[in-house]
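J.: Sequence below, structure please.
(one chain, ligands or ions: 2)
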Amino acid sequence: MIINESKNKRIVIKIGSSSLTSRLGDISRHKLERLVDEIVKLKDDGHEVLLVSSGAVAAGYRRLGCLNRPTSLAEKQAAASIGQGLLMESYSERFISHGYTASQILITRSDFSDRDRYHNARNTINVLLDRGIIPIVNENDTVTVERLKFGDNDTLSAKVAGLVDADQLIILSDIDGLYTDDPRKNPDAKLLTKVSEITPEIEESAGEPGSAVGTGGMRSKIDAVKIAMASGISSFLGNATSPDIIHKAVIGKARGTYFVPGKNEFNLDTKRQWIAFHSGPEGEIVVSNKAKQGIDELKSLYPTGIRYVSGHFKKGSVVRIKDLDGNEVGLGVSNYSSKQLIKIKGISRDELADAGPEEAINNKDLVCHTRLAVPIH
Ligand SMILES: Nc1ncnc2c1ncn2[C@@H]1O[C@H](COP(=O)(O)OP(=O)(O)O)[C@@H](O)[C@H]1O
Ligand SMILES: N[C@@H](CCC(=O)OP(=O)(O)O)C(=O)O
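T.: Ligands and ions are numbered 1, 2, ... in the order given. Sure thing, here's the model as predicted:
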């Protein structure tokens with residue numbers, strides 16, 4: 001795998017709990033410092049680095065008085081409240097010892113579902129990266145209710161990589177990469193070194209976490225890679241304990257799995273990423289078969305193609321687009337409120353005259369599910 005080494009890149013690195021913890025399940029300072037030292041080499045080479053780090057629960061549960069990693073939500077959140085500060089302290093101390101500054105960013109899903117807050121997060125992170133700071137992102141575990149959780153840091157890292165237009169997403173775990181099956185269960189499983197399409201076989205092979213501290217297992221890593229691919233970002237999955245793994249991953253010489261977005265990938269811009277992965281749709285419109293075909297071809301949707309409208313939404317809201325059989329075919333930003341759409345549905349462009357924009361949904365504000373084989377929301 002040959003990668004242009006000379007260009008300074010924007011790299012998002014995700015470190016899972018399993019890569020930061022000892023066999024007892026608490027934070028291993030040695031592992032953390034080794035990874036920081038590797039990141040420092042990238043910084044010295046001129047790359048911009050953003051870290052998505054798990055480990056808050058692992059770092060905090062003992063001081064909470066638990067003997068083992070807790071399983072109840074309230075205890076996990078309490079442990080994260082203690083552990084997040086301790087985790088950041090360890091990161092900050094080590095980065096500062098090398099002359100670099102780290103910053104903490106805690107995110108909940110609702111921070112991303114609001115478009116202004118999404119943009120604000122992007123602007124803030126850009127300032128930090130421009131000034132050579134290493135932002136360290138984690139889910140804001142302590143305050144997040146289950147329903148509003150990103151759930152795992154794998155998909156969070158891919159969404160952050162999209163937000164900041166990263167050149168590469170590096171996911172470090174306790175395994176050498178993606179295998180044809182969970183190698184802990186199947187000794188004949190083979191390592192896949194390059195993947196340019198997430199096939200149904202790959203989806204099936206991706207199993208549960210391999211340790212008691214991991215959250216999403218290979219399943220959530222594949223979901224993350226799909227989000228990165230849809231955003232046009234290359235990913236790498238490898239073992240955090242393998243020497244010099246981060247530098248080698250960047251130059252394309254690491255043992256692990258490289259995921260390369262194929263030419264046919266949709267390559268969502270930031271607006272479409274927001275519509276696809278973050279927005280909270282507020283209503284539904286059902287479209288004719290002809291209009292559905294247009295959506296599959298990523299063409300704008302006109303009022304004439306709309307059959308039914310349901311829900312109460314304002315102009316500018318994201319709506320689900322369904323076909324006549326009730327299957328969701330896409331998502332889009334409506335140029336009209338639900339009230340207005342009910343009035344103009346089914347009418348032709350000529351009849352619409354000067355009542356408003358010709359398109360009910362502009363193709364730039366449209367995400368089509370058939371072109372986007374990734375989990376939405
Ligand atoms: N097809 C697969 N290839 C590689 N690992 C797999 C596969 N299916 C399941 N796994 C398991 O996923 C684990 C990594 O996920 P996880 O435990 O959540 O780690 P992390 O804490 O780094 O996020 C591996 O240790 C492995 O046992
Ligand atoms: N936010 C949680 C970790 C969530 C998570 O995704 O964990 P992991 O599967 O180890 O990357 C924490 O900091 O403990």
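J.: Quick check: the gap between residue 286 and residue 315.
T.: Look at residue 286 and residue 315: by CB to CB, to the nearest Å, they are 19 Å apart. To be clear about C-beta, it is placed using only N, CA and C from the backbone, and glycine gets the same treatment.
J.: of those two, who's got more company?
T.: Neighbours were counted for residue 286 and for residue 315 using other CB atoms under 10 Å; residue 286 has more, 21 against 15.
J.: where's the closest residue to the more buried one other than its chain neighbours relative to ligand 1, distance?
T.: Leaving aside its chain neighbours, residue 286 sits nearest to residue 308 (4.1 Å; criterion: CB to CB, 6 or more residues apart in numbering). Applying CB to the nearest ligand atom, to the nearest Å, the value for residue 308 to ligand 1 is 42 Å.
J.: Would you verify that residue 308 is located in a strand?
T.: Yes: assessed with DSSP: H, G, I helix; E, B strand; the rest coil, residue 308 lies in a strand.
J.: Could you check the pLDDT of it?
T.: Per-residue confidence (pLDDT) for residue 308: 96.
J.: residue contacts, it?
T.: Residue 308 is in contact with 284, 285, 286, 345, counting by CB atoms under 8 Å, 6 or more residues apart in numbering.
J.: right, and the second one touches residue 324 too?
T.: If I follow you right, that is residue 285. No: using CB atoms under 8 Å, residue 285 is not in contact with residue 324; the gap is 11.6 Å.
J.: between those two, who's got more neighbours?
T.: Neighbours were tallied for residue 285 and for residue 324 using other CB under 10 Å; the higher tally belongs to residue 285 (28 against 13).
J.: pretty sure residue 16 is touching residue 172, no?
T.: Yes: the pair residue 16 and residue 172 passes the contact test of CB under 8 Å, sitting 6.8 Å apart.
J.: Which neighbours do these two have in common?
T.: Listed as contacting both residue 16 and residue 172 by CB under 8 Å, 6+ apart are residue 240.
J.: the more surrounded of these two?
T.: Taking neighbours as other CB under 10 Å, residue 16 and residue 172 compare with residue 16 leading, 30 against 26.
J.: Now do the more buried one against ligand 1, distance only.
T.: Distance from residue 16 to ligand 1, by CB to the nearest ligand atom: 2 Å.
J.: Check residue 199 too.
T.: Distance of residue 199 to ligand 1, given as CB to the nearest ligand atom: 13 Å.
J.: list the contacts for that residue?
T.: By CB under 8 Å, 6+ apart, residue 199 has no neighbours at all.
J.: measure it to residue 296 for me?
T.: 21 Å.
J.: Likewise for residue 152?
T.: Using CB to CB, one obtains 31 Å as the distance from residue 152 to residue 296.
J.: When the two are compared, which one has more neighbours?
T.: A direct count of neighbours by other CB under 10 Å for residue 152 and residue 296 places residue 152 higher, at 22 against 15.
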